[in-house]
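after the sequence you'll find the predicted model.
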There are 4 protein chains.
Amino acid sequence: MQDTIVTAMLDAAHTKAKKLGVKVCISILDAAAWPAAFLRMEGTILGAIDVANKKARTAALFHMDSADFAKIGHPDGGAYTLENTNGGMASFGGGLVLKAADGTVVGAIGVSGASTEEDIAIARVAANILLA
Amino acid sequence: MQDTIVTAMLDAAHTKAKKLGVKVCISILDAAAWPAAFLRMEGTILGAIDVANKKARTAALFHMDSADFAKIGHPDGGAYTLENTNGGMASFGGGLVLKAADGTVVGAIGVSGASTEEDIAIARVAANILLA
Amino acid sequence: MQDTIVTAMLDAAHTKAKKLGVKVCISILDAAAWPAAFLRMEGTILGAIDVANKKARTAALFHMDSADFAKIGHPDGGAYTLENTNGGMASFGGGLVLKAADGTVVGAIGVSGASTEEDIAIARVAANILLA
Amino acid sequence: MQDTIVTAMLDAAHTKAKKLGVKVCISILDAAAWPAAFLRMEGTILGAIDVANKKARTAALFHMDSADFAKIGHPDGGAYTLENTNGGMASFGGGLVLKAADGTVVGAIGVSGASTEEDIAIARVAANILLA
């Protein structure tokens, strides 16, 4: 992903979080799950750093939003313990696969620090930039 | 296991995956759970690397196919938390114990990337080479 | 550090790297060595991610630029093996302590991917924002 | 890298090792340092598994053969402690950057188990396949 796209996604997520009045961490990974960009808003709980990273990592490694991953990586899902692979996955919402307009997976974004619904909404604003 | 056997198993699993039209990782361990061979088909999701290794590791460490391990290493099983030992086991199918024709355990194989049923079928083709 | 300061430092370092025509990772930590912001420019070698983080971590944990740390954490220095504490420190330049105008330590920045001299120059531009 | 290229490199390195009469591990990574293929010849010392992987990882993360990395990541080099980043690098020969005919980095290979010169020669045979 080009620098201008990555920083535009980071800014868009940051702006959305400010509008919602919440404090979050935003983690953007490339398609191979390597870090591309990260921002922790001042005052965000420290536990959210690793959570945001793990949400993004889950989406990048399994090409699946972390809310969908939660359906399989769970004691009642079809692949219990899948959530314990790869250093630990995030089996709840806030991690989104980043896709180009043609559907190609180009990376993933994870947001953590607010409610799951707010985390998802913030990540979605960033992901939508790739479709514009 | 002799090199020729290991590479024949890797090739057989690879060929089976291509026939099924799926992308998988194939991990073969020796009886002491050390890596013997590995192949990731181009385009396989990255999360499958660790999953294939953990499936094989589960089978090697407990002399039990990972689908059987799932019956005990589970919140509802008889040995809940066994799945969290040894760096994390895989409590679902796709890991098979490799046995010689006389029943001796010689290693394990794990396959991940397709459906659990396909993963098992691919691993089985490789395991059967030892019985031929 | 306020969000506006953190993002201004990230932008300033990024702009300086583009002017120099180099690809780098920029890592900004708070005074407690927790991540505040990160950017990897497209095309930067992947090894630079951890190096940028470790340079910043070295500066944050010892209140010392990593180039100064190199004089003590070295087989010929006064505190050999200090570089192996804290998960591994970076005993070469590119990590700077971030200080407010009154001298208070507010965090650290690490830059990696270009020559050590360029890495330091990029980090310095960001650090100077706090003095403006 | 296409499956056929990866398996051809693995086979070529294996054949070269047999010709030299040595036992080695061969580790092939993609450009993002994720495993693509691995083979441990029967009888290879177990310590060589991680060494082969780390040699390949060094080349992939720094776009530098591990023998060249040794010149900087060393107490007398320009970036002492660089060898301790990224989970530990291999500061001696046997890891080669894999480049396509046009010079693009497509991955890395690491070989360990024989003498450093033999490890390099085995890796070189595989790397040359990409130039054919």
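Received the coordinates, thanks. Predicted model only: the values in this text are computed from it and were never measured. Numbering: from 1, shown residues only, chains lettered A, B, ... in the order given.

next, the angle from the longest helix along chain A to helix C:3-20.
Scanning chain A for the helix with the most residues, using DSSP state H, yields helix A:3-20. Angle, helix A:3-20 to helix C:3-20, by axes from the mean of the first three to the mean of the last three CA atoms, to 10 degrees: 170 degrees.

anything in helix A:3-20 near chain C?
Yes - using CB under 8 Å from any CB of the partner chain, helix A:3-20 reaches chain C at A:3, A:6-7, A:14. C-beta here means a position set from N, CA and C on the backbone, and glycine is covered the same way.

compare the residues you listed and tell me which is most surrounded.
residue A:6 (22 neighbours; other CB atoms under 10 Å in any protein chain shown).

wait, it sits on residue C:39?
Yes - counting by CB atoms under 8 Å, residue C:39 is a contact partner of residue A:6 at 7.4 Å.

what do those two both touch?
Taking CB atoms under 8 Å, 6 or more residues apart in numbering or on different chains as the contact rule, residue A:6 and residue C:39 both touch A:36-37.

quick revisit: which residues are in contact with the longest helix of chain A?
Helix A:3-20 has contacts (CB under 8 Å, 6+ apart) with A:23-24, A:26, A:28, A:36-37, A:39, A:41, A:98, A:109, A:111, A:114, A:118, A:121-123, A:125-127, A:129-130, C:3, C:7, C:14, C:39, C:41-42.

what parts of chain A come near chain B?
Within chain A, the positions lying close to chain B (CB under 8 Å from any CB) are A:32-33, A:60-63, A:75, A:78-82, A:84-87, A:89.

one more time with 7 Å, if that's ok
A:32-33, A:61-63, A:75, A:78-82, A:84-86 (CB under 7 Å from any CB of the partner chain).

pick out the most distant pair among these.
A:32 and A:75 (29.9 Å; CB to CB).

of the two, which one has the most company?
Set residue A:32 next to residue A:75 and count neighbours by other CB under 10 Å: residue A:32 wins out with 15 against 12.

what's near enough to touch that one?
B:46, D:32, D:34 (CB atoms under 7 Å, 6 or more residues apart in numbering or on different chains).

in a markdown table, list the residues you listed along with pLDDT and secondary structure.
Formatted as a markdown table, the contacts of residue A:32 follow (pLDDT from 0 to 100; DSSP: H, G, I helix; E, B strand; the rest coil):
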| residue | pLDDT | secondary structure |
| --- | --- | --- |
| B:46 | 98 | coil |
| D:32 | 98 | coil |
| D:34 | 98 | coil |
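
ok, the residues you listed vs chain C, which is closest?
Comparing these against chain C with CB to the nearest CB places residue D:32 closest, at 6.7 Å.

tell me if I am right that residue A:50 is in a strand.
No - assessed with DSSP: H, G, I helix; E, B strand; the rest coil, residue A:50 is helix; it does not lie in a strand.

please determine how far it is located from residue A:69.
Going from residue A:50 to residue A:69 by CB to CB, to the nearest Å gives 17 Å.

what ranges does chain A have for its helices?
Taking DSSP H as the test, the helices found in chain A are A:3-20, A:47-62, A:66-69, A:116-129.

check these for me and report the most buried one.
Ranked by mean neighbour count, those are led by helix A:47-62 with a mean of 25 (mean count of other CB atoms under 10 Å in any protein chain shown).

enumerate the residues of chain A near chain C.
So far as CB under 7 Å from any CB goes, chain A lies against chain C at A:1-3, A:34-42, A:46, A:49.

which pair of the residues you listed spans the longest distance?
The widest separation within the residues of chain A next to chain C (CB to CB) is 30.7 Å, between A:2 and A:46.

the two - which one has more neighbours?
Shown here are residue A:2 and residue A:46; by other CB under 10 Å, residue A:46 has more neighbours (13 against 10).

pretty sure that one contacts residue C:33?
No - contact criterion CB atoms under 7 Å: residue A:46 and residue C:33 do not qualify, at 10.8 Å.

need the residues of chain A next to chain B in CSV with distance to residue A:104, can you?
Listed next are the residues of chain A next to chain B as CSV, based on distance: CB to CB, whole Å:
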residue, distance to residue A:104
A:32, 13
A:33, 16
A:61, 16
A:62, 16
A:63, 11
A:75, 34
A:78, 27
A:79, 25
A:80, 31
A:81, 30
A:82, 24
A:84, 29
A:85, 24
A:86, 22
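
from the residues you listed, which single one is nearest residue B:56?
Comparing the residues of chain A next to chain B against residue B:56 with CB to CB places residue A:85 closest, at 12.5 Å.

residue contacts, that closest one?
For residue A:85, counting by CB under 7 Å, 6+ apart, the contacting residues are B:47, B:50-51, B:54, B:88.

same question, residue A:63
Contact partners of residue A:63, counting by CB under 7 Å, 6+ apart, are A:97, A:105, B:45.

give me the buried subset of those residues.
A:97, B:45 (16 or more other CB atoms under 10 Å in any protein chain shown).

can I get the contacts of residue A:63 in JSON lines including distance to chain D?
Converted to JSON lines, the contacts of residue A:63 look like this (distance: CB to the nearest CB, whole Å):
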{"residue": "A:97", "distance to chain D": "17"}
{"residue": "A:105", "distance to chain D": "13"}
{"residue": "B:45", "distance to chain D": "11"}
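
in strands only, show me the contacts of residue A:63.
Mapping the contacts of residue A:63 onto strands (DSSP state E) picks out A:97, A:105.

including pLDDT, could the contacts of residue A:63 go into a markdown table?
Listed next are these as a markdown table, based on pLDDT from 0 to 100:
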| residue | pLDDT |
| --- | --- |
| A:97 | 98 |
| A:105 | 98 |
| B:45 | 98 |
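
residues near residue A:99, how many?
16.

what residues are up against the residue lying closest to it once chain neighbours are set aside?
Excluding its sequence neighbours, the residue lying closest to residue A:99 (CB to CB, 6 or more residues apart in numbering or on different chains) is residue A:105, at 5.7 Å. Contacts of residue A:105 were listed using CB under 7 Å, 6+ apart, and they are A:31, A:63, A:97, A:99.

taking chain A, what residue is nearest to chain C?
residue A:38 (3.9 Å).

does that residue touch residue A:44 like I think?
No - in this structure, residue A:38 is not within contact of residue A:44 by CB under 7 Å, at 11.5 Å.

and the gap between the most centrally placed residue in chain A and residue C:61?
Per CA atoms, centre = their mean, the C-alpha nearest to the average position across chain A is that of residue A:110, at 1.6 Å. Residue A:110 sits 26 Å away from residue C:61, going by CB to CB.

for residue A:95, same thing?
On the measure of CB to CB, residue A:95 and residue C:61 end up 30 Å apart.

over to residue A:85?
31 Å.

so what pLDDT did the residue of chain A found nearest chain B get?
Relative to chain B, the nearest point of chain A is residue A:61 (3.4 Å; CB to the nearest CB). Confidence at residue A:61, expressed as pLDDT, is 98.

okay then, goodbye and thanks.
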